[in-house]
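J.: Attaching a predicted model along with its sequence, questions to come.
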Amino acid sequence: MSNQFLLNHLASFSIAGPDARSYAQSQFTADVDRLAGDAWSPLAWCDPKGRVLATMMARAGENRVDLVLPAVQCESIREGLGRFTIGRRVDLSESGPVSGVFDGLGEATPLAFDPERGLLNDVAAPGDAAALRNWRRLDLCQGLPWLEPESSARHLPQWLGLEELGAVAYDKGCYPGQEVIARLHYRGTVKYRLAGLEIDTVEAIDAHARITDAAGAGIGHWLGGMALESSTIGLAVLATRAESDGAVLVACGERAHSARVTAPETLC
């Protein structure tokens with residue numbers, strides 16, 4: 001019996017051709033020249049202001065770079081990347097499904113930061129609700145900040161914890177937003193950080209929902225999360241002044257819910 005299950009919140013496409021690696025190197029935050037085909041590694045695509053358009057998982061072969069990203073962003077990101085291929089010997093494939101594996105990876109390629117989990121692009125395995133929930137919770141615990149259209153082009157990579165995931169290289173060539181990102185790394189002060197949040201009730205929080213302190217001052221934004229049996233957990237971008245174990249307020253329609261600030265790894 002197959003242990004593969006569909007990750008219906010993700011989708012995939014590939015960049016293929018003689019210039020695939022050099023093209024990807026010119027677009028993404030990670031050093032594509034160091035990527036291999038035996039692990040999925042995180043990276044980001046940014047706008048010229050250094051704001052992250054999408055976070056992705058990538059693996060690279062000789063003439064191919066495979067990408068996995070949120071399904072709600074896949075077509076817009078694929079089309080956006082396609083606008084910069086003029087003069088490059090590359091083709092972008094049609095989007096396809098993504099499946100996951102927990103045990104006995106088989107043909108699945110492991111995640112670089114979690115080798116006990118594996119991804120298969122262009123594979124539509126059967127659905128498994130329990131396995132999917134477990135997968136999504138592990139992504140939260142490991143601080144993997146998947147974006148949605150509402151949270152795209154809002155945050156610098158450092159605010160999303162992408163440095164800690166090894167998704168940003170400072171010793172490679174130029175890519176969109178590189179000057180802004182490098183300036184913050186070498187000369188700036190990081191004013192925001194990735195944090196975990198816990199809400200004691202089951203709530204549906206919109207992507208990029210506003211987060212305030214007790215006095216009502218803006219302190220950050222919700223990225224995404226999931227409901228558990230009696231609570232809600234998620235990731236947020238918060239001002240560095242927000243204390244761990246402190247309380248913040250997360251907007252939900254006309255209401256605001258109290259949430260405890262914690263490290264992402266405590267969400268499991």
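T.: Everything's here; your move. Numbering: from 1, shown residues only.
J.: in this protein, which residue is closest to the centre?
T.: Centroid-nearest residue in the chain: residue 146, 3.1 Å away (criterion: Cα atoms, centre = their mean).
J.: residues in contact with it?
T.: Each residue near residue 146 by Cβ atoms under 8 Å, 6 or more residues apart in numbering is listed here: 9, 55, 69-70, 139, 223-224. C-beta: built from backbone N, CA, C; applies to glycine.
J.: ok, residue 186 to residue 178 distance?
T.: From residue 186 across to residue 178, the span is 12 Å (Cβ to Cβ, to the nearest Å).
J.: Can you pull out the low-pLDDT segments for the chain?
T.: By pLDDT under 70, the low-scoring segments of the chain are 1-2.
J.: can you list the domains in it?
T.: The record's domain parsing of the chain by automatic domain parsing lists 5-154, 192-263.
J.: Buried ones in stretch 242-261, by neighbour count?
T.: Going by neighbour count (16 or more other Cβ atoms under 10 Å), the buried part of stretch 242-261 is 242, 248-252, 256-257, 259, 261.
J.: Start and end of it, how far apart?
T.: With Cα to Cα, to the nearest Å as the measure, the ends of stretch 242-261 fall 8 Å from one another.
J.: Please state the offset of it from the chain centre?
T.: Centre-to-centre, stretch 242-261 and its host chain are 22 Å apart (Cα atoms, centre = their mean, to the nearest Å).
J.: hmm, back to that, greatest separation within the buried residues of stretch 242-261: which pair is it?
T.: Within the buried residues of stretch 242-261, two members stand farthest from each other by Cβ to Cβ: 242 and 252, at 18.4 Å.
J.: how many neighbours does residue 156 have?
T.: By other Cβ atoms under 10 Å, 24 other residues sit near residue 156.
J.: pretty sure it is touching residue 184, no?
T.: Yes: between residue 156 and residue 184 a contact is recorded at 6.2 Å, counting by Cβ atoms under 8 Å.
J.: Now do the shared contacts for the two.
T.: Common neighbours of residue 156 and residue 184, counting by Cβ under 8 Å, 6+ apart, are residue 50.
J.: Show me where the stretch 51-200 of the chain has its strands.
T.: With strands called from DSSP state E, counting those that start in this stretch, the stretch 51-200 of the chain shows them at 52-61, 64-70, 91-92, 98-101, 109-111, 114-121, 192-199.
J.: of the ones you listed, which approaches residue 172 most closely?
T.: For the strands of the stretch 51-200 of the chain, proximity to residue 172 was assessed by Cβ to Cβ; strand 52-61 is nearest, at 13.6 Å.
J.: who does that closest one pair up with?
T.: strand 41-46 (antiparallel), strand 64-70 (antiparallel) (DSSP bridges).
J.: I'd like to know which of those lies nearest to residue 80.
T.: Taking Cβ to Cβ, strand 41-46 is the member of the strands paired with strand 52-61 nearest to residue 80, at 7.8 Å.
J.: who's in contact with that closest one?
T.: Under the contact criterion Cβ under 8 Å, 6+ apart, strand 41-46 has outside partners 27-30, 32, 35, 52-59, 77, 80-81, 112-113, 144, 157, 160, 162, 165-168, 175-177, 181.
J.: just the buried members of the residues you listed?
T.: Neighbour-count burial (16+ other Cβ under 10 Å) applied to the contacts of strand 41-46 gives 27-30, 32, 35, 52-59, 77, 81, 112-113, 144, 157, 160, 162, 165, 167-168, 175-177, 181.
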